[in-house]
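S.K.: Got a predicted structure here, sequence first:
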Protein chains: 2
Amino acid sequence: MARGSNSNGVRRYNERLVLSTIRRLDGASKADLAKITGLSPQAAVRIVEGLEADGLLVVAGRRTGGMGQPSTIYKINGDNGFTIGVEIGRNRLTCVLLNFDGVVLATQTHDVAFPQPEAVIAEIAQFARVQLAALAPERREAFLGVGIAMPWFIGEWRDEIGVSADQAKDWGRADVEAAFRSGLDCPVFFENDGNAAALAELLCGVGLGVENYLYFHIGTFVGGGLVLGGQIHQGRHGNAAALASMPVPTPGGRDFLLHRASLYSLEARLGSGDDAAIRQAWLEDCAEAIAFVTVGANSLLDLDAVVLSGALDEAALETLGQLVEGKIAASAPRDFFTPSLLRGRIGEVAPAMGAGLLPLYASYTPNLGSLLKGADD
Amino acid sequence: MARGSNSNGVRRYNERLVLSTIRRLDGASKADLAKITGLSPQAAVRIVEGLEADGLLVVAGRRTGGMGQPSTIYKINGDNGFTIGVEIGRNRLTCVLLNFDGVVLATQTHDVAFPQPEAVIAEIAQFARVQLAALAPERREAFLGVGIAMPWFIGEWRDEIGVSADQAKDWGRADVEAAFRSGLDCPVFFENDGNAAALAELLCGVGLGVENYLYFHIGTFVGGGLVLGGQIHQGRHGNAAALASMPVPTPGGRDFLLHRASLYSLEARLGSGDDAAIRQAWLEDCAEAIAFVTVGANSLLDLDAVVLSGALDEAALETLGQLVEGKIAASAPRDFFTPSLLRGRIGEVAPAMGAGLLPLYASYTPNLGSLLKGADD
DNA sequence: ACGTTACTAAATCACCTTAATAGATTTAGT
DNA sequence: ACTAAATCTATTAAGGTGATTTAGTAACGT
C-alpha cells in the first residue's frame, strides 16, 4: 500500500528536480542548482555530471560578468529524445513531433468527420514514419513514444454533434487503449484531452510558475484540466476535471457546462440572424456558465489561478476573460479569494502538445512519488 | 523554492510511515511493517527500535497461533504526549484532551451566545490547567500544544444568525491568531473547522482507508473539508473546501449552500406549523443542494468518497444520505463515476477532535513533503 | 595582489539492503 | 510423548548508494 523510501528514490527525485529546475530557468549552473534546490554543491555536481554523461544535459555556454569564476551553464539536451503527441478530436486529428525539450518540431492536422480507431492508428504510424525518417539515423533511436490526448467519453454526448451509436461504439476506453498499444510499436501514453492541454501549459506555457490551477479548454466541446501541487490531478478513474459535465444553473433549471460553453453550441446558433449579435450573446452565456463553475471550483480548492484557453481567436478569448471576471466579481461570496484569471499561451495545439509531453512527464517530473520505492524508471 | 531530498528526509518519512501504519492497523510487528511498507526487515527493525527508544512506541504483546516464531506487536504509546483541541463555534465552545494516540480523554462544552476571544482564551487556559493537573507530574512535560478549529469567516454571514458588526470585529484572522499565540503559553495550531473535522475522520474515523474525499459537516452553518492523497487540502489561503459559499441553483435563481443545508435554516423554519413536515421539507432541500455540490465536486475531482456528518442525529443523517444518493442518481451526467457516500463516525465532536490532532498531524503524518530538506521537526 | 565565486576531490556520515544466522513456535510424523 | 521439518520472526554483519563536510584549486573582477 504505502511504500517506504530509500536512497535510490532520493537520487531519482533529485535528478528530476535538477532537470525541471534547469527547464524552468532555461539553463542553470551547478552553483545555481545547489542554491535553488538546497542541495550541497557537491550533490549538484555529481547529479549534473551524471545527467550530462547520460546525454540529458549539455553545456550551453559560460556566464561571465559577475565577480568570481564564471559559471558553466547547462541546458536540456533537446536531441536526447523525441516524442509524438496526438489529439484525437471529434472532428479533427492533430499530430505533433516534440524534442526532448518540449519544442514542437513538426505539426500535422487533418479534418475528419468522426474518427475511427484503425484510421487514426494508420495516420499516426504514417506521421511517425515520415518524421523519424527525416531525422539523422542515430537520433531515431531516441524515440520515446506516443502520447494520445482524447475525450474519455468520445461516445457520450453523441446527440450534440450528430454522431451515431454505431460510430461511437469503437471508442470504449479499454478497447481503444489495447488497439493503440498493439497497433503502434512503441510506448503509448493516454490522457484526457483537457488534462493534456493543462499539462502543456504547465510545462511550456502560462503554468510554469503556477502550482494550482483549473484550466478551461473551449473547443468543439469544453474540456478541462486540473493541476494541484504542480501535478496533473487525475482522480480515481482518471476522470477529474470533467468540466463538460459540470452542472450549471439556467433560467429554466439546470444544465451542463458542455451545452453552454462549447463551440458546437455557438455554431448551432449561427446563421439565424445577426451573427455578431449571436456571437456576443453566446459569449455572455458562456462567461456566465464559466464564472459559475469557477466560483464553485475555487471555493472548493482555493486555487492560485484559472486559465482560459481553447480554439477561440485572441480577441474573443480576451472578451470572454473580461466577461468572466465581471461575472465572478458580481456573484462571488464575501469570503472569496479571487484567483488570477490567466489566458493560455499555447492555444489550439495544447492538447496535442500535452500528449507529446506525457512520456517526458512520466519519466522526468519531480513528483514526490518518485521518492518512493517501486517508482523505478 | 522546490527543495531536494537526502537520507535524513528518508528516515523522517519512513518513521512517519511506520507510525501511521501501526496506527491504521492498531498494532503491528516489525515483520508486518516490512511487508506493508516494502522496507527491508532490517530497516523496519532499526526504525521501530528508534521509535521505541524515543518513547513513541510500546510493546503491546505477542501474536501467537500461526506457524513460526510469534511476533512482537508494537503500538503507539498513548502516554507519549497530550494535546488540547478546541472548536470555536458560533454558539458553543468545545474543548477536548487527547492523548498521543488520538484518544479523547476529557471533553468540556460550553454554550455561549457569541464567543469573544479573551473569554475563549481564558476558558482554554482554565481547561488546560485543570486537565494537566490531573495527570501525573512526569506526564505534564509531554504537552504538545493546542489546536484551534474555527470558521475562518466567523464575522461574515452575520445576518444569518443575528450577530452585530461590533461582535464580529474581534475575529479578524490575523488578530485572533496573534492573540491566541500570546495568550496561550504553548504551541498553537489553527485550522478551518470543516478541515479539522475532516482530519478527525481521516485519522480516527471513516477516512482511515480512504485517500480522497469531500467531507460535509452540517452544523449551525455547513462546513467542509477536503482530503486529497491522504492529506488535508488547504489551498492557497487555507480557505479550501469553503462549502458554505458554494453556489447552488434554486427555483428563483441561485443561492449559497449555507442557506440550504445548515441547521440555523431549519431552526428558522420550525414552529410555524407541522414540525415533522417542516423537517422533512428541509431535509429535501438540504439533500438537493448537497447533491448538486457533490456532483460538481466529483466531476472536478473524481473522488473516492463523500462523507456526510454533523450535528444531526443518526436517523436524520441516514435519511439525508439516502435522499442525497437518490438525487445524485437522478441528476448525474452519463460520464459520472459515483463516489461512495459514507456517513461520518465521529459526529458532533469531530471539529474539536480534529483540532487536537493538528499537532500530531504536523509532526507525524507521512506526507511526502517530509522527505524534503527543510522539513525538520 | 586580493577578494570573490565556481568548481573539484577525498573523507565521512546516514540510511537502506542483502545475506547469513539464530530463535521460537506450529505441524506432522514416529 | 518425543522428534524433525517447516515456517516465520528477528538479529548480526558486511556492503551499497548517495548526500555532506572539509579542504583545496581554478578563474575572474577590482
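M.R.: Received the coordinates, thanks. Residues are numbered from 1 along each chain as shown, chains lettered A, B, ... in the order given.
S.K.: Just list the residues touching the residue in the stretch 151-300 of chain A positioned nearest to DNA strand C, thanks.
M.R.: Closest contact between the stretch 151-300 of chain A and DNA strand C, by CB to the nearest atom of the strand, is at A:G209 (22.5 Å). No exception for glycine: its C-beta is placed from N, CA and C like everyone else's. By CB atoms under 8 Å, 6 or more residues apart in numbering or on different chains, the contact set of A:G209 is A:R24.
S.K.: any idea of the pLDDT on it?
M.R.: At A:G209, the model reports a pLDDT of 85.
S.K.: Next, find the distance separating the residue nearest to A:D79 when sequence neighbours are not counted from A:V349.
M.R.: Distance criterion CB to CB, 6 or more residues apart in numbering or on different chains; nearest residue to A:D79, sequence neighbours excluded, is A:R139 at 6.2 Å. Look at A:R139 and A:V349: by CB to CB, to the nearest Å, they are 23 Å apart.
S.K.: Between the two, which has more neighbouring residues?
M.R.: When A:R139 is set against A:V349 and neighbours are counted by other CB atoms under 10 Å in any protein chain shown, the residue ahead is A:V349, at 19 against 15.
S.K.: Would you check that that one makes contact with A:C95?
M.R.: No: at 10.4 Å, A:V349 and A:C95 do not qualify as touching, with contact defined as CB atoms under 8 Å.
S.K.: domain ranges for chain A?
M.R.: Using automatic domain parsing, the domain parsing of chain A gives A:7-76, A:80-196+A:351-363, A:207-344.
S.K.: averaging pLDDT over each of those, which comes out lowest?
M.R.: domain A:80-196+A:351-363 (a mean of 90).
S.K.: what kind of secondary structure is A:E138 in?
M.R.: What DSSP: H, G, I helix; E, B strand; the rest coil gives for A:E138 is helix.
S.K.: how many neighbours does it have?
M.R.: 8.
S.K.: Name the nearest residue to the residue nearest the centre of chain A, ignoring sequence neighbours.
M.R.: Among the residues of chain A, the one closest to the centroid is A:L199, at 2.5 Å (CA atoms, centre = their mean). Excluding the flanking residues, the one nearest A:L199 by CB to CB, 6+ apart is A:G354, at 4.0 Å.
S.K.: what's across from the nearest residue to A:W152 once chain neighbours are set aside in the sheet?
M.R.: Excluding the flanking residues, the one nearest A:W152 by CB to CB, 6+ apart is A:N192, at 5.6 Å. With DSSP bridges applied, A:N192 shows beta-bridge pairing to A:M150.
S.K.: same thing with A:V188?
M.R.: As assigned using DSSP bridges, the partners bridged with A:V188 are A:V146.
S.K.: And it, how close does it get to A:P359?
M.R.: Distance, A:V188 to A:P359, using CB to CB: 9 Å.
S.K.: Residues that sit against both of those two, list them.
M.R.: What both A:V188 and A:P359 touch, as defined by CB under 8 Å, 6+ apart, is the set A:145-147.
S.K.: Go through the residues you listed and single out the one with the most neighbours.
M.R.: A:G147 leads these on contacts (other CB under 10 Å) with 31 neighbours.
S.K.: what's the neighbour count on the residue in the stretch 101-250 of chain A that DNA strand C sits nearest to?
M.R.: Of all residues in the stretch 101-250 of chain A, A:D101 sits closest to DNA strand C, at 20.5 Å by CB to the nearest atom of the strand. As a burial measure, A:D101 scores 17 neighbours (other CB under 10 Å).
S.K.: Would you verify that it is located in a helix?
M.R.: No: A:D101 is assigned coil when assessed by three-state DSSP, not a helix.
S.K.: From what I see, the residue nearest to A:D79 and A:G78 are in contact.
M.R.: No: A:R139 lies out of contact with A:G78 (CB under 8 Å); the separation is 10.4 Å.
S.K.: For the closest residue to chain B within the stretch 251-377 of chain A, what are phi and psi?
M.R.: As assessed by CB to the nearest CB, chain B sits closest to A:D302 within the stretch 251-377 of chain A, at 2.3 Å. With angles defined as degrees, to the nearest 10, A:D302 sits at phi 50, psi 70.
S.K.: Now it: closest residue in space that isn't a chain neighbour?
M.R.: B:G235 (2.3 Å).
S.K.: and the residue nearest to A:L199, what helix or strand is that in?
M.R.: helix A:350-364 (DSSP states H and E).
S.K.: re earlier: count the neighbours of the residue nearest to A:L199 for me.
M.R.: 36.
S.K.: any shared contact partners between A:V349 and A:C95?
M.R.: Common neighbours of A:V349 and A:C95 (CB under 8 Å, 6+ apart) are A:T107.
S.K.: And the residue in the stretch 251-377 of chain A that DNA strand D sits nearest to, how close does it get to A:C186?
M.R.: In the stretch 251-377 of chain A, the residue that lies nearest DNA strand D is A:L371 (10.7 Å; CB to the nearest atom of the strand). Distance of A:L371 to A:C186, given as CB to CB: 28 Å.
S.K.: Neighbour count for those two, which is higher?
M.R.: A:L371 (27 against 14).
S.K.: show me what contacts the nearest residue to the more buried one once chain neighbours are set aside?
M.R.: Residue nearest to A:L371 in three dimensions, not counting chain neighbours: A:G9, with 4.2 Å by CB to CB, 6+ apart. A:G9 makes contact with A:370-373, A:375, B:5, B:10, according to CB under 8 Å, 6+ apart.
S.K.: again with A:I36
M.R.: A:21, A:25, A:28, B:1-2.
S.K.: Which helix or which strand is home to it?
M.R.: helix A:30-37.
S.K.: Please list the residues outside whatever helix or strand comes next after that helix that contact it.
M.R.: Next along the chain after helix A:30-37, taking DSSP H and E as the criterion, comes helix A:41-53. The contact list for helix A:41-53, computed with CB under 8 Å, 6+ apart, reads A:11, A:14-15, A:18-19, A:30-31, A:33-34, A:37, A:39, A:57-59, A:74, B:4, B:6.
S.K.: DNA strand C next: which of these are close?
M.R.: Residues of the contacts of helix A:41-53 in contact with DNA strand C (CB under 7 Å from any atom of the strand): A:30-31.
S.K.: Please convert the buried members of the contacts of helix A:41-53 into ChimeraX selection syntax.
M.R.: This is how ChimeraX selects the buried members of the contacts of helix A:41-53, with burial counted by 16 or more other CB atoms under 10 Å in any protein chain shown:
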select /A:11,14,15,18,19,30,33,34,37,39,57,74 /B:4,6
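S.K.: Going along the chain, name the helices of the stretch 51-200 of chain A.
M.R.: A:117-133, A:137-140, A:165-168, A:173-183, A:193-204 (DSSP state H, counting those that start in this stretch).
S.K.: Most tightly packed of those?
M.R.: helix A:193-204 (a mean of 29; mean count of other CB atoms under 10 Å in any protein chain shown).
S.K.: tell me the angle that helix makes with helix A:350-364.
M.R.: Relative orientation of helix A:193-204 and helix A:350-364, computed by axes from the mean of the first three to the mean of the last three CA atoms, to 10 degrees: 60 degrees.
S.K.: Correct me if wrong: A:G194 contacts A:M246.
M.R.: No: at 11.6 Å, A:G194 does not count as touching A:M246 under the criterion of CB under 8 Å.
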